[in-house]
Every structure is written in structure tokens, then in C-alpha cells.
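Enquirer: what's the 3D shape of this:
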Amino acid sequence: MKFGMLHLFENPIDKTEHQIVKEQLGLMRAAEDLGFDSIWPAEHHFTEYGYCASPAVTLAAIASVTKRIRLGTGVVVLPFNHPIRVAEDYAMLDLISDGRVDFGVGRGYQPGEYKGFGIDQSMSRGIFNEFLQVILQAWTQERVNFKGVHFNIEDQPVRPKPLQKPHPPVWVAALSEATFSLVGKWGFNLLCAPVFGFQGETATDLLETYRNALRAGGHDPATKEVAALVMVYCAETTEQARREFADPVMWYYRTISKYVAPSPGKEPVKTYELYTKTRDLASNVTWEQLLEAGAVVCGDRDHCLERIADLQKRFGLTQLLCWTRLGGLDHRKVLRSMELMQKHVIPHFKRAAA
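Expert: Next comes the predicted model:
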């Protein structure tokens, strides 16, 4: 199993934006030296929840000071962009980084962000589907010819092309059953999120939906990757870990509850119900429930080994995306957790894989 790190660029503690950006870039740079396989900045806009407005710009900065680590996007919110420009930006990043891009995409889930860009959120699935088709054409064909509801592009050459062939690995973030099925049909890698309620029998069923769709689309599930986003914090003792990590985690859940689905608007009923469920979960969930469900892995090295092994077995994970720097947690504590992961946790799973 591989280990990545998610970066939200959140700011709950009144640091300057300059301080937040420098700290996050420092942590991403350190991830390569500390044995992590990938880093995944997340696109968000307008609030303290996170303001990495351009993962491409962020990763280009990291590409210039690293050599090995994979550069993932967790995720690019496609409806907020234009497909030709996104294709160009990430092809350029792939060239700059000597072919290290992992292209993670999603539809987003915050009505305030859609409002800020003047986009009807109820149209997001259709925009997303067409967007991805245009990008793949731009990366693999000499000219883009696409006629859809949202994009009409005729005989358009696009440069540059990515270094990885036929294109960088595509990862799609999935919350709803329809998305799990679509990701499998297309044959893309899967990003799932225990932090958003991907747990229990429901998670097992959704993974089966994804793998069945892979087979139906002519894709071998053994060749695809499944990554899970989990809040991870390792300390010398479990008591210390939980004392230091509980408040940052709960800050996150109370904050996201403010920004998810304040009103149904024109959003399709099933999708709105999903967002509402996420909001209600975030508003009411307790620290103990998060630990029990597997959304949070927090403890000493032995506890982390045990819980991560359980997640790997339960979901068939190929990659764990560790979310450690959240809720204003001091970056020195984040680095210490990363060091303990490097020393005790990551080698265990690398040896097991070997």
C-alpha cells in the first residue's frame, strides 16, 4: 500500500495567508524526504475551510524542488474551470515534473463555491461528464472535436501534451452510488472518503458497485487503484495523539457543516439528500464515533498499524491519503506525526507488500 498526504490550506487560527501557504508548501516538500508516495492539494475557494484555489500552481512549485513524489490533485473541481485550460495546465505540470501527475477530479459539494462562480450546481454532473471527455481528447488526440450540452469545441488543436501516455492516471472522487458506477464504467481509479461517511456495509456495497462496473466496462479491477481519505495522526502515545488531534478534527466537522447544502435549490433530490446527510453527520458526529468508524486513525504506532491494516483489508486499498494538517494543527506536530509514520508505519506496509 502507498501513502499520500492531503492538504486543505485551511485557516481557523488567524494566521496570515502567507504563513498558511508557506507552512503547507513546507509540509508537502518534506513528504518526499519522509517516505510518502504522493501529495494531494485540494481545490477550494472563498472561506477559511480552504483556499488552495489552484492545485496546478501549488504542485508546480513543489515539482521544482522534488524528484520522486507523485503530484496528485485532491481534487480539481471541474465545473469551476474550462476543460481546455485544465488540459493544458496539467499537461504542462506533467512535463515539468517528468511525468509525476495523478489527476484527481470531482464535482465539488459546497453551494457557496458554486454561487461564487455563478454556476448552477444542479448541472454539475452533466458539466463534469462532458468536461472529462474533452480533457481526454485534448491529451490523446491531435484535435478536439466535441459537441455536448455544455461544451461545443470544433477542430481545436491543444498543446502541450502530457508526458505520461496515453495520459496521467485519472482518479475520480465518489460519494453517490451513481458516481461509483460511472467511475467503474470509465475505468478510472477511485477516490473514496471515510471522513465523509464512506463506512460500514454501505461502503462495501459501493465498492462492489465500482468493481462490477469495471468488469462490465471491460476493465480488470486488479489493474485499478482505490485510495481512501482518512484523518491520520501518530504520536508517541495514544493518549497524547488524541489530546492533540481531537480539537482540529472536530473543528473540521463543525466547519464543513456550515458549508454543505444550506438549501436544496435546483439540486436533484437524491443529490441534495446526500449533501444533507453529510451536513447532518458533520453537525452531530462525536469524536468517539469518528474513531470507531475509521474516519480517524489516531494513536501510537501500534494503534495506527492495526487500524490502517483493518482499513486496507476492509476496502482493498492500494493507497491511504493521510489528512494530518487540519484545524490549524501546528505544523511541527504534523511533521512529528509524519516522522513517526516514516519510522514505524510506512516500512511495515512496504515490507508486507514486498
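
Enquirer: what about V183, distance to D94?
Expert: Counting by Cβ to Cβ, to the nearest Å, the separation of V183 from D94 is 21 Å. In this view, the C-beta of every residue, glycine as well, is placed from N, C-alpha and C.

Enquirer: Please identify the residue most distant from the middle of the chain.
Expert: Taking Cα atoms, centre = their mean, the residue of the chain most remote from its mean C-alpha position is D155, at 32.9 Å.

Enquirer: Spatially, and excluding backbone neighbours, which residue is closest to that residue.
Expert: Spatially, and ignoring its direct neighbours in sequence, D155 is nearest to R143 (5.3 Å; Cβ to Cβ, 6 or more residues apart in numbering).

Enquirer: Go ahead and confirm that neighbour touches P157.
Expert: Yes. Look at R143 against P157 with Cβ atoms under 8 Å: they come within range, at 5.2 Å.

Enquirer: which SS state does the residue farthest from the centre of the chain fall under?
Expert: The three-state label given to D155 by DSSP: H, G, I helix; E, B strand; the rest coil is strand.

Enquirer: which residues touch it?
Expert: With contacts defined as Cβ atoms under 8 Å, 6 or more residues apart in numbering, the neighbours of D155 are 143-145.

Enquirer: and what of V65?
Expert: By Cβ under 8 Å, 6+ apart, the residues touching V65 are R29.

Enquirer: For the residue nearest to D155, give its distance to E154.
Expert: In this structure, R143 and E154 are 9 Å apart, going by Cβ to Cβ.

Enquirer: Most neighbours out of the contacts of D155, which is it?
Expert: Taking other Cβ atoms under 10 Å as the neighbour criterion, V144 ranks highest of the contacts of D155 with 23 neighbours.

Enquirer: So what sits opposite it in the bridge?
Expert: V144 has these beta-bridge partners by DSSP bridges: Q156.

Enquirer: Which of the contacts of D155 lies at the shortest distance from W251?
Expert: Of all the contacts of D155, W251 sits closest to V144, with 43.0 Å by Cβ to Cβ.

Enquirer: Verify the stated contact: the closest one with N152.
Expert: No. Counting by Cβ under 8 Å, V144 does not reach N152; the two are 10.7 Å apart.

Enquirer: ok, D205 to V296 distance?
Expert: D205 sits 23 Å away from V296, going by Cβ to Cβ.

Enquirer: Tell me which of the two has more neighbours.
Expert: V296 (23 against 12).

Enquirer: all strands of this structure, in order?
Expert: Per DSSP state E, the chain carries strands over the ranges 2-7, 38-41, 70-72, 76-77, 101-106, 143-147, 152-157, 170-173, 189-192, 226-234, 296-299, 319-323.
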